[in-house]
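*Asks:* Kindly generate the corresponding structure for this input.
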Amino acid sequence: MAMNVLFWNCRGICNPSTRRALKMLISQHKPKLVFLIETKIREREEFNRLQRNLGFDHAEGVMSVGLAGGLGLFWNDDVTITIRQPSTARFIDAVVDEGDGLLRWRFTGFYGNPSAADRHESWDLLRGLSDDDSLPWVVLGDFNEILLASEKLDGRPRPESQMRGFREALGYAELVDLGYYGCPFTWSDSETKVRLDRVVATAEWSDSFGHSRVIHLPPSKSDHIPILLCISAVPVVSQKRYHRFKFESMWLKHEECHEIVQQQWQRPVLGHPMFLVSKKIARTSIALDDWQRSVFGDRQKAISETRSRLEELLCLSATPELLAERGTLMARLESLLSEEELYWSQRAKVSWLKEGDRNTGFFHRKASNRKRKNFIGGLYDDAGNWKEDDDGLENVVVNYFEKIYKAGTVDGGALEETLQAISPSVTDEMNISLCSQYSCQEVKEALFQMYPTKSPGPDGMPPLFFQHYWESIGDDITAAVHNFLQTDC
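*Replies:* Purely as a prediction, here's the structure:
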């Protein structure tokens, strides 16, 4: 099993810019579990709205007391979660069941007491949780404490007694820190930087998921950084991704898009009608792809560069100059994320109008869930061999459809006898009408009956493209359809 878990002390998720940042993180990393700390949500209805807006099927929440605290765990139907015991202001404890007789393991989202004087209560709680079950166990969250003096930069030194209490609690529970990739600190202010957030696990859990990684993500809209736990029992092999062009409905709002389509479609092409249309679609796709990269690609690059610089600043001692730069970068990041949300809202306008929701995360989760459902991990060939590489999958699919559509042996005598026994129901007049050529109006009506943004072809063009630009391209499309129906080419 491989899955991503995102956790973040967001310091108040009701802030619009913080919520935008969270949606962006979910879109980028596709976590199956999201654990939020300090949501600062006091009302259950507000928490339920957050769940719907983020697009998750299930959630477990602990409401905040006043403006402090609040926990939330979110997941979808593709992972089976059972809450083990009543959640409190300090933890949410659950069991993850992979099903089909596979591994069951324990997940705990933890929030250590912010008060140093009361932090011993957190360590007692951690010991008590460890005695509850023997399942492989992973604990993650904001522990509000460090293990070593080196996990703090600048500011007053941490008392050894505080760190010792944390180390002893982890030792009792047999929990080991899983380390991290990225910046060494997870929380910062104007004076100091500290590693307060982490992932710890038992040896049984680590043995079961020996190729898991903890990644410190770049800073976002909080003084804590978000953290990603990538859970995997086998080495993660990165596969080459092929860019696939897809015409986006929101491009229609740009005049440049209309001009590109007009220019590319008016360029002369020699050949039969179907070749002419396919060539013009290919030219238009290339031109539109280049255009969208220049218009929309820069924003993604700017977001990445801004976050990278913020991550660099998190590793440096605070100075007035660096603090001023951090403030400027955070304001820029918020502006870029706002633009990104607008892009997705335009892209998903039809879906939101239908669903009654105008939230970026909601659309992302719907798109991600659909992609997961449609993904084919592998297929068995006729000999019972499992194929999951591109060539193997292609051969299995091609062979299957060649068999079901290939004509078998036909008994000519039996066929003729059967046909003789059937009384014709189609008159000569009806036959003439059925065999007549489709009119231009019929071709247009058939196309316009298609849902605009559903089922784009291999060329990436959905019905919306042909519907919107029909006045310019309709004659070529109609000629290609007539040519195909008459000549089978």
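*Asks:* Can you give the distance of stretch 141-149 from its chain's centre?
*Replies:* Its chain's C-alpha centre and that of stretch 141-149 lie 30 Å apart, by C-alpha atoms, centre = their mean, to the nearest Å.
*Asks:* With stretch 399-410 instead?
*Replies:* With C-alpha atoms, centre = their mean as the basis, stretch 399-410 stands 39 Å off its chain's centre.
*Asks:* avg pLDDT for that stretch?
*Replies:* Across stretch 399-410, the average pLDDT comes to 78.
*Asks:* got it, and stretch 460-479?
*Replies:* The model assigns stretch 460-479 a mean pLDDT of 91.
*Asks:* what's the answer for stretch 305-322, then?
*Replies:* For stretch 305-322, the mean pLDDT works out to 80.
*Asks:* Could you pull out the buried residues of it?
*Replies:* Across stretch 305-322, burial judged by 16 or more other C-beta atoms under 10 Å covers 306-307, 309-311, 313-314, 318. Yep, even glycine has a C-beta here, placed from its N, CA and C like the rest.
*Asks:* Dump these to TSV, plus distance to Glu46 and secondary structure.
*Replies:* As requested, the buried residues of stretch 305-322 are exported to TSV (distance: C-beta to C-beta, whole Å; DSSP: H, G, I helix; E, B strand; the rest coil):
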residue	distance to Glu46	secondary structure
Thr306	30	helix
Arg307	28	helix
Arg309	34	helix
Leu310	29	helix
Glu311	31	helix
Leu313	33	helix
Leu314	31	helix
Ala318	34	coil
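*Asks:* Kindly reformat the residues you listed as TSV containing distance to Glu98.
*Replies:* Shown next, in TSV, are the buried residues of stretch 305-322 (distance: C-beta to C-beta, whole Å):
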residue	distance to Glu98
Thr306	38
Arg307	33
Arg309	39
Leu310	36
Glu311	33
Leu313	40
Leu314	35
Ala318	44
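*Asks:* Enumerate every residue touching Ser17.
*Replies:* Residues in contact with Ser17 (C-beta atoms under 8 Å, 6 or more residues apart in numbering) are 221, 334, 337-338.
*Asks:* I'd say Leu148 and Met163 touch.
*Replies:* Yes - at 6.9 Å, Leu148 counts as touching Met163 under the criterion of C-beta atoms under 8 Å.
*Asks:* Comparing the two, which residue is more hemmed in?
*Replies:* Neighbour count, other C-beta atoms under 10 Å: between Leu148 and Met163, Met163 has more, with 17 against 11.
*Asks:* Assumed the more buried one was part of a strand.
*Replies:* No - in this structure, Met163 is helix, not part of a strand, as judged by DSSP: H, G, I helix; E, B strand; the rest coil.
*Asks:* That one touches Ile146, doesn't it?
*Replies:* Yes - at 6.0 Å, Met163 counts as touching Ile146 under the criterion of C-beta under 8 Å.
*Asks:* For PyMOL, write a command that selects the buried ones of the contacts of Ser17.
*Replies:* With 16+ other C-beta under 10 Å as the criterion, this PyMOL line picks the buried residues out of the contacts of Ser17:
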select buried, resi 221+334+337
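*Asks:* Which one of the contacts of Ser17 is nearest to Glu402?
*Replies:* Closest approach between those and Glu402, by C-beta to C-beta: Leu337, at 49.2 Å.
*Asks:* List the residues that contact the closest one.
*Replies:* 17, 20-21, 24, 303.
*Asks:* and if we set it to 6 Å?
*Replies:* 20-21, 24 (C-beta atoms under 6 Å, 6 or more residues apart in numbering).
*Asks:* Could you measure from Gln311 over to Leu22?
*Replies:* No, residue 311 isn't Gln; it's Glu. Glu311 is 18 Å from Leu22, where distance means C-beta to C-beta, to the nearest Å.
*Asks:* ah, wrong one, I meant Ala89
*Replies:* Distance, Ala89 to Leu22, using C-beta to C-beta: 21 Å.
*Asks:* So for the two, which residue has more residues nearby?
*Replies:* With neighbours defined as other C-beta under 10 Å, Ala89 and Leu22 compare such that Leu22 has more, 26 against 14.
*Asks:* For my notes, confirm that one occurs in a helix.
*Replies:* Yes - read with three-state DSSP, Leu22 is one of the residues of a helix.
*Asks:* Check what pLDDT it gets.
*Replies:* Note on Leu22: pLDDT of 91.
*Asks:* Thr453 now?
*Replies:* Reading off the model, Thr453 has pLDDT 77.
*Asks:* I figured it hits Pro462, correct?
*Replies:* Yes - counting by C-beta atoms under 6 Å, Thr453 touches Pro462, with 5.3 Å between them.
*Asks:* in the stretch 101-250 of the chain, which segments are predicted with low confidence?
*Replies:* 101, 236-243 (pLDDT under 70).
*Asks:* rerun that using 80 as the cut-off
*Replies:* 101-102, 220-221, 235-244, 249-250 (pLDDT under 80).
*Asks:* and Lys193, backbone torsions?
*Replies:* Phi and psi for Lys193, reported as degrees, to the nearest 10, are phi -130, psi 140.
*Asks:* Count the residues that sit near it.
*Replies:* So Lys193, with other C-beta under 10 Å, has 22 neighbours.
*Asks:* what comes up buried for stretch 10-19?
*Replies:* Neighbour-count burial for stretch 10-19 [16+ other C-beta under 10 Å]: 10, 12-13, 17-19.
*Asks:* again with stretch 118-135
*Replies:* 119, 122-123, 125-126, 129-130, 135.
*Asks:* for stretch 216-226, same thing?
*Replies:* 216-222, 224-226.
*Asks:* if we can go back for a sec, give me the subset of the buried residues of stretch 118-135 lying in strands.
*Replies:* Assigned to strands by DSSP state E, none of the buried residues of stretch 118-135 qualify.
*Asks:* which one of those is nearest Pro184?
*Replies:* Each of the buried residues of stretch 118-135 was checked against Pro184 using C-beta to C-beta; the closest is Arg119, at 21.7 Å.
*Asks:* Touching, that closest one and Asn113? I think so.
*Replies:* Yes - at 4.9 Å, Arg119 counts as touching Asn113 under the criterion of C-beta under 6 Å.
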